[in-house]
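Trainee: quick one: sequence plus predicted model below, questions after.
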Amino acid sequence: MKRKFLNIIPLLLLTLAIVGCTKYFNPEPVFEEYEQEEEKSIERKVLFISVDGLVGRELQKKIPTNIGELMKTGKYSFEALTDNNTSDPASWTTMMTGYNSDRHSILDESFLPQPNSTNPHGDATFVPSVIYRLKQVERSTKASVVVQDEGLANILLMDADDNVIADSDVKTKEESIKLLSKENVADLVIVQFKDVLRAGKEEGFDMSKAAYADAVERVDGYIGELVETIKKREDADYEEWLIIVTSSHGGVENSYGGGSFAERNVFSLYSYKYFQPQELKAETMEYVFLNGYFPGTYTITMG
């Protein structure tokens, strides 16, 4: 048995040699290109809309369709208050800086701080806009503005990457849609509508006035178009938008600029798709009136 086993070994070696020398057809390599989808992260963005001249308590009388839809996912108030200086430059500067007019000292269309009356020879205080502050924190932050006042675009909001000056609310809407349709849309988009303000100055800041009510409905339609543009964006599933609707100031009869409640009263809405709707109501607070002559109280409505 041992001898027979040894005789098999040369045969196995021969078989292996024959197999090892056999040549098979080797096709040319084919390289296929394929794209692997990159994982996308969620980007958070802000659309800030100012409906200049929109009085909060007047809007409450007749809420238009698109603002009403935003309220379903928003925190909002019909009793919000602006600065006690309700001129256009002062109130817009307050919105964009977070400081009242006593601090930022911007009181006219130049959008340049005025000297302090108590210290006329002192240096004027520079208060930076929200765009400036955002870029100081993160230089890659992009901002676009579509406004109708040159001072807003060229001075107060000069740090924006896109500064568009429109001559009407229709043009504002069209230019805003262009910006919101861009592939690389800005992180912050600021929009100014003025038809409601114009109607208030002409016939009164009152929803019982046809011109004012029509202007509110018209601008509400423009807002709806902007929101729809955001929803139809190619990367809509990877973007989360905070949509803010407010006003620089209100008005009384057909004027504004003073510190009355109607002039300071604005609507304020913060809409985000994961918010539960909530109306923020103002509280009336009483303070002791201490001037050394008349003891008593006075009330302030906090918005």
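Mentor: Here it is on my side, so go on.

Trainee: mind checking pLDDT for K281?
Mentor: K281 carries a pLDDT value of 87.

Trainee: which residues of the stretch 151-300 of the chain fall in strands?
Mentor: For the stretch 151-300 of the chain, the strands defined by DSSP state E, counting those that start in this stretch cover 162-165, 188-193, 239-246, 265-271, 278-279, 283-289, 296-302.

Trainee: least reliable of the ones you listed going by mean pLDDT?
Mentor: strand 296-302 (a mean of 49).

Trainee: so who does E234 touch?
Mentor: E183 (C-beta atoms under 8 Å, 6 or more residues apart in numbering). For every residue, glycine as well, the C-beta is placed using N, CA and C.

Trainee: residue ranges with poor pLDDT in this structure?
Mentor: 1-38, 115-124, 283-303 (pLDDT under 70).

Trainee: need the contact partners of the longest helix along it.
Mentor: Scanning the chain for the helix with the most residues, using DSSP state H, yields helix 210-231. Contact partners of helix 210-231, identified using C-beta under 8 Å, 6+ apart, comprise 47, 49, 51, 54, 58-59, 62, 64-67, 69-70, 169-170, 172-173, 176-177, 180-181, 191, 193, 195-196, 198-200, 202-207, 236, 239, 241, 243, 245.

Trainee: so for that helix, what gets flagged as buried?
Mentor: Judged by neighbour count (16 or more other C-beta atoms under 10 Å), helix 210-231 contains these buried residues: 211-213, 215-216, 218-220, 222-224, 226-227, 229-230.

Trainee: now swap in stretch 231-244 and tell me
Mentor: 233, 239, 241-244.

Trainee: and the end-to-end length of that stretch?
Mentor: 16 Å (C-alpha to C-alpha, to the nearest Å).

Trainee: show me what counts as buried in stretch 255-265.
Mentor: Per 16+ other C-beta under 10 Å, stretch 255-265 contains these buried residues: 256, 261-265.

Trainee: I'd like the distance from that stretch to the chain centre, please.
Mentor: Centroid separation for stretch 255-265 versus its chain: 25 Å, with C-alpha atoms, centre = their mean, to the nearest Å.
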